[in-house]
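> what's the 3D shape of this:
(chains A, B, C and D, ligands or ions: 4)
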Amino acid sequence: MPVMSYIQAVTAALREEMQRDENVFVLGEDVGKKGGVFRATDGLFDEFGEARVLDTPLAESAIAGVGIGAAMYGLRPVAEMQFADFIMPAVNQIISEAAKIRYRSNNDWNVPMTIRAPYGGGVHGALYHSQSVEAVFANQPGLKIVMPSTPYDVKGLLKASIRDNDPVLFFEHKRAYRLLKGEVPEEDYVLPIGKADIKREGSDITIITYGLCVHFALQAAEKLAEEGIDAHILDLRTVYPLDKEAIIDAATKTGKVLLVTEDNKEGSIIGEVAAIIAENCLFDLDAPVQRLAGPEIPSMPYAPTMEKYFMINPDKVEKAMKELAEF
Amino acid sequence: MPVMSYIQAVTAALREEMQRDENVFVLGEDVGKKGGVFRATDGLFDEFGEARVLDTPLAESAIAGVGIGAAMYGLRPVAEMQFADFIMPAVNQIISEAAKIRYRSNNDWNVPMTIRAPYGGGVHGALYHSQSVEAVFANQPGLKIVMPSTPYDVKGLLKASIRDNDPVLFFEHKRAYRLLKGEVPEEDYVLPIGKADIKREGSDITIITYGLCVHFALQAAEKLAEEGIDAHILDLRTVYPLDKEAIIDAATKTGKVLLVTEDNKEGSIIGEVAAIIAENCLFDLDAPVQRLAGPEIPSMPYAPTMEKYFMINPDKVEKAMKELAEF
Amino acid sequence: MSQNRHKELGLTDEQVLHMYKMMLLARKIDERMWLLNRAGKIPFVISCQGQEAAQIGASFALDREHDYVAPYYRDMGVVLAFGMTSKELMLSGFAKAEDPNSGGRQMPGHFGQKKNRILTGSSPVTTQLPHAVGVALAAKMRKDPIVSLVTLGEGSSNQGDFHEGLNFAGVHKLPVITMVENNKYAISVPIEKQIASETVADRAQGYGMPGYTVDGNDPLAVYEAVKNARERAINGEGPTLIEAVSYRLTAHSSDDDDRTYRESKEVDEAKKKDSLITFAKYLQDENILSEDVEKQVNDEIAKEVNEATDYAENAAYAQPEDALRYVYEE
Amino acid sequence: MSQNRHKELGLTDEQVLHMYKMMLLARKIDERMWLLNRAGKIPFVISCQGQEAAQIGASFALDREHDYVAPYYRDMGVVLAFGMTSKELMLSGFAKAEDPNSGGRQMPGHFGQKKNRILTGSSPVTTQLPHAVGVALAAKMRKDPIVSLVTLGEGSSNQGDFHEGLNFAGVHKLPVITMVENNKYAISVPIEKQIASETVADRAQGYGMPGYTVDGNDPLAVYEAVKNARERAINGEGPTLIEAVSYRLTAHSSDDDDRTYRESKEVDEAKKKDSLITFAKYLQDENILSEDVEKQVNDEIAKEVNEATDYAENAAYAQPEDALRYVYEE
Ligand SMILES: Cc1ncc(C[n+]2csc(CCOP(=O)(O)OP(=O)(O)O)c2C)c(N)n1
Ligand SMILES: Cc1ncc(C[n+]2csc(CCOP(=O)(O)OP(=O)(O)O)c2C)c(N)n1
Ligand SMILES: [Mg+2]
Ligand SMILES: [Mg+2]
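Residues are numbered from 1 along each chain as shown, chains lettered A, B, ... in the order given. Ligands and ions are numbered 1, 2, ... in the order given. Okay, the predicted model is just below:
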């Protein structure tokens, strides 16, 4: 199996889906000739031409809204928001429109659109090129939010998102783009949206997380294994709607749960995860449900001192895991 | 003490603050001559003139953005979004700008702006005139979100919001506008933003909620009192950032907690409340943390059958309280 | 109106009579909705009154078998012309399960019907504009010879989506026609406080497309403008912005009292230009609408509206648990 | 450039020399930032190069003691003219605690300094436009005789906030000047794929305000346009839209490689019109910039940039926990 980077898996999924279905097309800022500011759409302009790899004007609400219209007509747009931080002007189109079109038309119309966006920090991106924005959308039935953690998951989940008949927000961790590499089958495969995935089996403590933090948790788990602490790691993969069953299973398995997100804590995805646990497996717990997250500040600063202070890293995860194990 | 309706308390707070401080002004759609579609700004146009009670063009991002600019200049704008559902076009200005201006300028600039919006259902408003939108904003440090439940709280908290030197989202339940009446002092008073309030002391079960649901919970509590079930009711009042201490106190007091929101459940405010409890008072609990909320659908439908099915009401709250008491 | 204008436009007598009937049908359904509202039978009405001419004029200039429309809440005329029936509109008014727009989930005026290529609409204004642009983009990509028409109010032309959508259409020369139905008010706010430009059509230049202001009380003037725009679009020459100026003859909606912000004299003046009166006059002068025909038309419409009302009133609501369906694909 | 143009505009020899010095200072700081970036000392640069004439021309036409500016990320010229120092800019480049813009919290180019009436800026483009309109509204309410200037790129003029903000300003006739710095690209996307209208100034009509396209390489042309706009604004005649056309001489930012989407020939052509060259030539022809003066200016600036760099490089970062401060009022 070939080894690819996280971003190469994005490009491969896009290319294969465009080859497979002529209704699939890409639109966004700088996705065409330049191949995207991160080069996620590299080569697609040459292979599929301008009509299917469309450089749009700098206007996110139009990118989403035009995508919705094209999707209602029967195409499968894959819209890129250049940075997740810049999805905000499109919130009305995403929440008021894309999320509600099937429901409000009583199943008459639907929106098979994927919106991709690089999120996350640790890249000297400062306040507006580092944010985790999933919580803004994670209360909107009609939407699905996918946040993969490995190249393998990226390819399988992006393909599934593009084929999904409802709108999917697909957030890619920008620091993972070139940092994470892994085996990715050349053949066609899809992974199920809505299903969490056990990334490590273990019996002492449970870590539930998603995105780049899965990687940090795995690193920490390897270290702690040497100390005899055996961590069970659940990767949410789809952060909305959550895979309740998998969460409950993972929490009850060890009775000690640590939730990790790179987002600031209050109101983040892992609050809902904690609530599911508190509602469903309270009496299986041996320790309070712990949360490790960013501090309650608007976003991570640019200066390296403060950025590092904000970012989750393997050491912080290890420390929290150890504390929980010792509880 | 005079008795006023919830909406009269809104108008009174606006009038008094405008009289008190000439920097306070109101802007929004139809707030001027018409006095607002709900008549929340009734009479202000005549009393303070067009310059301070400004009918804006139909453009929410401009209402928020122009408000931010005026606030940075030193005024105290009170912007009205005609319905909370229509705040979505302004999300970028609120999340990217208002919330982050103090932080990003390292305390150089600030935004003393209040954004008022009527939210909530049960008024035949259908999908787009019934939503609870607080969860969209409840992960954004820099913002405060106030959702009062009584005319008394409305007046004290709206005044506090207007005087606050940071941006405050002030959501008013539109069904409460004329439904709820209560005593409101004529004199000037403010209530603290960020503090929850015990609306009923009790010893058997704890209900934590906010907005119109406080009223439902109080009604249900009266009924259950006859059956010997004594409910403790905490009104969050400020839903972001949450009053953690009050939540922990209320949860530990009875060890049985029911959280209630009119919003759909997953990703709502009460998930964070549950997480705080799971993190801080797990071993004080005698029952799983229960949540009563709307179903996982985009918003409540128009047809009375389906609207009723969605809306929280005293009976639904009573049933949930009883079940919890009997756990 | 001058003689034989409709023939100059290539419209037969039958066609203009058809147009008139549809304008009248829209008006009559709307009037019935108000009666039902005042009788406490339906909670909400939002009216087409005063805008029927623009709606029918524009629709008849399109290919109603193939083109797409993204109407706004006042466009009863547009959806009727695109195949929605009186019965279906009444089902929507009563919020009954059979309502094809939303199964009673949305308020009346929130149109949508896939089989008739009517995009589903919401309440936040102007969001439909980029959707119509997206349809035009998709049609262009697929080389389908169709256009999309999107309508909105003049107040709504101040939303960012207007700007972003029209610029997108202009850059990519897409076959989309935007018609602003300028009825001079956005709820209580008169046009002078909404829009700084002299006309809404003035905005077209900023998007590299032609812009025209036409008399929205004259269905033939609107027909002509939209017909030309459609030709441009089909020829690959890109989008057009059309402003149809009329007047909102009713309050904003059944929840509004317009006496608090406008003079009844102003409304009375506008009523003199009501297209139902002026277009009827034109057809009478052209000997198309004889007294007999008029009586017959009125009777037919009255019967249709009565039957639609009765049917809808007696139809069933959706079951409470139906609210749970169709959040995602099932 | 024709003779004595600056005197016709009421500018003294000293003033135009001052303008030139500031343009050059901006250029030299910017060049130094690139060197520091390439040397791995600062992670990010976004350039003013090619736009200094517009920035300085516009700023000098304002009352730099009282007016407000809402600059965008390329506006090093504007903030220098409004009182930010070279040292402060370098502190921002190095993200040090003393940086007055953000204490090292934001990337360079995210300007803000209350004491100099420079509104704080963010990354999402065009959000600053309504802010400048809000300042103008507030000033009008308080009857303060000032204006606000907001700048943005031509690509950014496609955002909804452009439309909503300018229409608001137009309706309320507010003292705000909007200058679009049209450098022909939005990252890799050339203007033809960004904007459907012929010029950005064409959009002014849609907001009931005058719009002008001027040569952005000519500081005097920009000065004149902004000066007139300021007069209009102060006289209560409302807002103006100005488009200053130049060219982006560098890659979009230090993260961009512009060779993938534009020909180096095109860049070379544009460099011939570089305002640092053409304005220097004008000043030489006017005997304002003799060889001696030029040498002295260059020396002064080199010294200033060196000192600023050294200071900033040696300054301290904020402490990690400083990240927790100033979320709310303390
Ligand atoms: C985004 C948004 N903001 C506010 C509203 C509330 N609202 C409904 S209709 C309306 C006025 C619309 O005026 P106009 O566009 O002129 O259309 P008209 O009703 O006059 O036909 C307003 C403010 C809304 N529906 N959507
Ligand atoms: C809302 C938003 N979307 C996308 C971006 C990413 N981005 C940064 S600059 C830029 C291009 C801006 O072009 P233009 O407005 O012409 O300004 P220029 O950089 O050419 O001066 C883009 C797309 C952003 N900053 N904000
Ligand atoms: Mg109108
Ligand atoms: Mg540019």
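
> tell me the contacts of the closest residue to chain C within the stretch 101-250 of chain A?
Here the stretch 101-250 of chain A gets closest to chain C at one residue, A:Asn106, 3.4 Å apart by C-beta to the nearest C-beta. Backbone N, C-alpha and C define where each C-beta goes, glycine included. By C-beta atoms under 8 Å, 6 or more residues apart in numbering or on different chains, the residues touching A:Asn106 are C:99-103, C:105, C:326.

> how about TSV for the residues you listed, with pLDDT and distance to D:Gly160 added?
TSV is the format used below for the contacts of A:Asn106 (pLDDT from 0 to 100; distance: C-beta to C-beta, whole Å):
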residue	pLDDT	distance to D:Gly160
C:Asp99	98	32
C:Pro100	98	32
C:Asn101	98	28
C:Ser102	98	27
C:Gly103	98	32
C:Arg105	98	28
C:Tyr326	98	30
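
> filter those down to the ones in strands?
With DSSP state E as the criterion, strands contain none of the contacts of A:Asn106.

> pick the one among those residues closest to B:Ala12.
B:Ala12 lies nearest to C:Arg105 out of the contacts of A:Asn106, by C-beta to C-beta, at 36.8 Å.

> what about that closest one, how many neighbours?
Per other C-beta atoms under 10 Å in any protein chain shown, the neighbour tally for C:Arg105 reads 31.

> what's the nearest residue to it if we skip its chain neighbours?
The spatially closest residue to C:Arg105, leaving aside those adjacent along the chain, is B:Pro301, at 4.0 Å (C-beta to C-beta, 6 or more residues apart in numbering or on different chains).

> ok, now C:Asp257?
Using C-beta to C-beta, 6+ apart, the closest residue to C:Asp257 is C:Ala251 (6.2 Å).

> residues near the one you found, how many?
22.

> for A:Glu183, grab the count of nearby residues.
With other C-beta under 10 Å as criterion, A:Glu183 counts 11.

> can you count the residues close to the residue lying closest to it once chain neighbours are set aside?
Distances taken as C-beta to C-beta, 6+ apart put A:Met1 closest to A:Glu183, at 4.1 Å, once the chain neighbours are dropped. A:Met1 is flanked by 10 other residues according to other C-beta under 10 Å.

> repeat for A:Leu282
18.

> what's the helix or strand for C:Ile42?
Using DSSP states H and E, C:Ile42 maps to neither a helix nor a strand.

> that one: what's it in contact with?
Residues in contact with C:Ile42 (C-beta under 8 Å, 6+ apart) are C:33, C:36, C:93-95, C:108.

> so who does C:Val305 touch?
C:25, C:28-29, C:32, C:86, C:90.

> name the SS class of it, please.
helix (DSSP: H, G, I helix; E, B strand; the rest coil).

> same deal with the one 4 residues further on?
For C:Thr309, the reduced secondary structure class is helix; criterion used: three-state DSSP.

> I figured it was touching C:Met33, is that so?
No: assessed by C-beta atoms under 8 Å, C:Thr309 is found out of contact with C:Met33, at 9.2 Å.

> higher neighbour count, the two?
Using other C-beta under 10 Å as the criterion, C:Thr309 and C:Met33 rank with C:Met33 on top: 28 against 21.

> what's the nearest residue to the more buried one if we skip its chain neighbours?
C:Val45 is the one closest to C:Met33 (C-beta to C-beta, 6+ apart), at 4.4 Å.

> do A:Glu323 as well
Counting by C-beta to C-beta, 6+ apart, the residue nearest A:Glu323 is A:Gln290, at 7.7 Å.

> what is the neighbour count of the one you found?
21.

> let me know the pLDDT of it.
Note on A:Gln290: pLDDT of 98.

> from what I see, the residue nearest to C:Met33 and C:Pro108 are in contact.
Yes: taking C-beta under 8 Å as the definition, C:Val45 is a contact partner of C:Pro108 at 6.6 Å.

> check the contacts of C:Ile42 against A:Val257 and report the nearest one.
C:Ala95 (44.9 Å).

> pull out the buried positions in the helix or strand hosting C:Lys7.
Assignment of secondary structure by DSSP H and E places C:Lys7 within helix C:5-8. Across helix C:5-8, burial judged by 16 or more other C-beta atoms under 10 Å in any protein chain shown covers C:5-6.

> fine, thanks again, bye for now.
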